[in-house]
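Q: Sharing a model that was predicted from the sequence below.
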Amino acid sequence: MTGFESVAKGSEEALSGFDPRNFTKAIYAALFAGLLFYVTIIAAVTYVYPWQQIVSGHVRTEEAFERTFGWHAIAQLILFGAFLSLLKIFNGNFVAATRMLYAIGRRNLVHPALGRVHPRSGTPVVAITLMGLVTMAAAMFGDAILVPITEVGSLAVGVGWLSACAAYLGRRRRDGYGDESAAMAVLGVVVSMAIVLMKIVPGVPGSFTLAEWVAFAAWSAAGLLFWLTRRPAVNSQGSTLNSQDSES
């Protein structure tokens, strides 16, 4: 359901002359597709097999279809579809993550090498290489690191949404946005704040355990290291520029 974020992260690779309003259409299309997918899966499984037995007996999706149709091949087909879905998720996350690293590298928020583009293919070669190495290293830990990374990622999603909505509210008067957009941003702040509190408040189901806090500390330390290795932009007279000056 967070796949819509990939639209913004990959927006710089749109064709020249692409109507910016179509980015909004793509975001809503991604949200609708995710909603339709999950609703269809739940409806299909509960239609072919009694949902009470699924819940009480912990019956998996492919097992429910196999018992209903008496055909083992349909279970294998569903598992193959799940495998393709994992590849799809990996590809989408990898593209979004590398483009995000490229964007913050180009803005000099981290080491500018991450903003380097391959002269022939036009892809962020350093960001792709770094993410590939991190992915291979994380895979070596197996299931032990999967839950902490997922939980920290949930917190990061909430913080990202909160920051985006708060920044929008901070700039809307200057840019002349309407009240309807402000209402949606306020709603986004409330929802994202609730997500953050669910993870950091002790005693709440799903809140961080020691393993998640360790993973969070390691991730924050990595971010701080990247921040400290950035290079301040300088103008032709040799004086340091801030981020707004460098953008202009």
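A: Looks like it came in fine. Numbers count the residues shown, from 1 in each chain.
Q: in what helix or strand does the nearest residue to Val189 once chain neighbours are set aside lie?
A: Nearest residue to Val189 in three dimensions, chain neighbours excluded: Cys165, at 4.6 Å (Cβ to Cβ, 6 or more residues apart in numbering). Glycine gets a C-beta too; all of them are placed from N, C-alpha and C. Using DSSP states H and E, Cys165 sits in helix 146-175.
Q: Now find how far off-centre that helix is within its chain.
A: On the basis of Cα atoms, centre = their mean, to the nearest Å, helix 146-175 sits 11 Å off its chain's mean C-alpha point.
Q: Show the average pLDDT along that helix.
A: Averaged over helix 146-175, pLDDT sits at 85.
Q: cool, and stretch 69-81?
A: Computed over stretch 69-81, the average pLDDT equals 87.
Q: same thing with stretch 205-220?
A: On average, stretch 205-220 scores 89.
Q: list the buried ones in that stretch?
A: 208, 212, 215-216, 219 (16 or more other Cβ atoms under 10 Å).
Q: out of those, who's nearest Gly122?
A: Trp219 (29.5 Å; Cβ to Cβ).
Q: how about the closest one, what does it touch?
A: 152, 156 (Cβ atoms under 8 Å, 6 or more residues apart in numbering).
Q: relative orientation of the one helix or strand it maps to and helix 146-175 in degrees?
A: If you go by DSSP H and E, Trp219 is part of helix 210-228. Counting by axes from the mean of the first three to the mean of the last three Cα atoms, to 10 degrees, helix 210-228 lies at 50 degrees to helix 146-175.
Q: How about Gly158: what's its closest non-neighbour residue?
A: Ile195 (3.4 Å).
Q: Same question for Phe4.
A: Ala30 (4.0 Å).
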